[in-house]
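Chemist: Provide a 3D model corresponding to the input given below.
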Amino acid sequence: MSKVIKKIGVLTSGGDSPGMNAAIRSVVRTCAYHNIECIGIYRGYQGMIEGDFKEMGPRSVNNIVNKGGTILKSARSKEFMTFEGRQKAHQNLVNANIDALVVIGGDGTFTGAEVFNKEFGYPVMGIPGTIDNDIFGTSHTLGFDTALNTVVECIDKIRDTASSHNRLFLVEVMGRDAGHIALNAGIGAGAEEILIPEQDLGLDRLLESLRKSKASGKSSSIVVIAEGDKIGKSVFELKDYIEENMPEYDIRVSVLGHMQRGGAPSCYDRVLASRLGVKAVESILEGKSNYMVGMLNDKVALTPLENAIKGHSEIDLELLRVSDIMST
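Modeler: From the prediction side, this is the model:
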């Protein structure tokens, strides 16, 4: 990258996650620290196509480090999936004298950034923002830690009712393609069983586990289920199956849904966002492009966007073993 960077754009795209605002704040203030202009791009790639830009300074990001969601808004842009849409977005960036781009989001966001970089040679840097923690090249994505705390708090409250009424609760959490939330929150909340997409537990083994729990004297149980688990078509079908085979159980279903994405980010997510934002801007100023900034072994590290997109975020096998032992 031979061009001198004078102005950097920042956007959030895809699903929102706690910590995105803290990352925006970090990008804006790091730009100010290095005497670089920063432009906020509203509504992700769609806003880039429509030229929805606004100059941002250090004071424009006051009091957002503690807020969930994203002040820059987010949108899924079908138009950006076309070359014509991306060409229009590129022309808007050129017209606004924006020299490089920091994108905050997940797989889809990074895929768009990588294509944009290849087609126009435009400098891009990614920050992983998704509660699912399913991005390769980082131990934690923005919002994952906050979502875990939210889920554990909810399950703790559900357990009070489960214990009072001797009930079995099936708690569905987010994780269409990855079971990181279910596995970690399930262990943290003391769930009797955890169902995740990466491991096909099977209906027979689930029933066997529930029968053992009942026989060991447990009067209530919590089963945490990732929404992408393959054991049943839906958590409600799973409920019907268990009721048919174990009529002694009084079963309730709780789908936590989008509350997992909301709320003030945890301290961990705020610090993570601050570290990644600084690294993203300074990497661009060093001439780097087409990378994602993430955390590896508690150090900020760069991973090529292509690897972040194509790589697979592995489930922690040790945690699976811990889960089995804790459900005894």
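Chemist: what ranges do the helices span in the chain?
Modeler: For the chain, applying DSSP state H gives helices covering 20-33, 44-50, 83-95, 107-120, 144-165, 180-188, 203-215, 235-245, 267-285, 305-310, 317-326.
Chemist: Flag the shaky bits of the stretch 101-250 of the chain, pLDDT-wise.
Modeler: 201-202, 217-220, 229-233 (pLDDT under 70).
Chemist: The helices of the chain: which one's closest to Asn62?
Modeler: Smallest distance to Asn62 across the helices of the chain (Cβ to Cβ): 8.6 Å, for helix 20-33. The way it works is simple: take the backbone N, C-alpha and C, and place the C-beta from them, glycine included.
Chemist: Adding distance to Pro197 and mean neighbour count, write the helices of the chain out as a markdown table.
Modeler: Below are those laid out as a markdown table (distance: least, Cβ to Cβ, whole Å; neighbours: other Cβ atoms under 10 Å):
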| stretch | distance to Pro197 | mean neighbour count |
| --- | --- | --- |
| helix 20-33 | 25 | 25 |
| helix 44-50 | 27 | 25 |
| helix 83-95 | 32 | 16 |
| helix 107-120 | 15 | 20 |
| helix 144-165 | 16 | 19 |
| helix 180-188 | 9 | 25 |
| helix 203-215 | 15 | 14 |
| helix 235-245 | 13 | 15 |
| helix 267-285 | 24 | 22 |
| helix 305-310 | 18 | 18 |
| helix 317-326 | 13 | 13 |
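Chemist: mind checking which of the ones you listed is nearest Ala75?
Modeler: Ala75 lies closest, by Cβ to Cβ, to one member of those: helix 44-50, at 4.5 Å.
Chemist: average pLDDT across that closest one?
Modeler: Confidence over helix 44-50 (mean pLDDT, whole number) is 97.
Chemist: how distant is stretch 316-328 from the center of its chain?
Modeler: Centre-to-centre, stretch 316-328 and its host chain are 23 Å apart (Cα atoms, centre = their mean, to the nearest Å).
Chemist: contacts for it?
Modeler: Contacts with stretch 316-328, where a contact means Cβ atoms under 8 Å, 6 or more residues apart in numbering, come from 183-184, 186-187, 190-194, 199, 209, 213.
Chemist: mind running it again at 10 Å?
Modeler: Residues from elsewhere that reach stretch 316-328, judged by Cβ atoms under 10 Å, 6 or more residues apart in numbering: 139, 179-180, 182-184, 186-187, 190-194, 196, 198-199, 209, 212-213, 216, 218, 221, 223-224.
Chemist: tell me the centre residue of the chain?
Modeler: Thr130 (1.5 Å; Cα atoms, centre = their mean).
Chemist: Gly126 versus the residue lying closest to that residue once chain neighbours are set aside, what's the distance?
Modeler: Excluding its sequence neighbours, the residue lying closest to Thr130 (Cβ to Cβ, 6 or more residues apart in numbering) is Gly106, at 3.9 Å. As judged by Cβ to Cβ, to the nearest Å, Gly106 and Gly126 stand 9 Å apart.
Chemist: if we can go back for a sec, rebuild the helices of the chain as CSV, extending it with distance to Asn297.
Modeler: Shown next, in CSV, are the helices of the chain (distance: least, Cβ to Cβ, whole Å):
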stretch, distance to Asn297
helix 20-33, 21
helix 44-50, 31
helix 83-95, 35
helix 107-120, 22
helix 144-165, 17
helix 180-188, 18
helix 203-215, 34
helix 235-245, 36
helix 267-285, 14
helix 305-310, 17
helix 317-326, 16
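Chemist: Specify the stretch among these that is closest to Leu72.
Modeler: Smallest distance to Leu72 across those (Cβ to Cβ): 6.2 Å, for helix 20-33.
Chemist: Just the C-alpha atoms of the closest one, please, in CSV.
Modeler: The C-alpha trace of helix 20-33 is given here as CSV (Å, rounded to 0.1, in the frame of the first residue of the first chain):
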residue,chain,number,x,y,z
MET,A,20,-19.5,-3.0,18.5
ASN,A,21,-20.0,0.5,19.9
ALA,A,22,-16.8,0.1,21.9
ALA,A,23,-15.0,-1.0,18.7
ILE,A,24,-16.3,2.0,16.8
ARG,A,25,-15.1,4.3,19.7
SER,A,26,-11.7,2.7,19.6
VAL,A,27,-11.3,3.1,15.8
VAL,A,28,-12.5,6.8,15.9
ARG,A,29,-10.2,7.7,18.8
THR,A,30,-7.2,5.8,17.4
CYS,A,31,-7.6,7.8,14.2
ALA,A,32,-7.7,11.0,16.2
TYR,A,33,-4.6,10.0,18.1
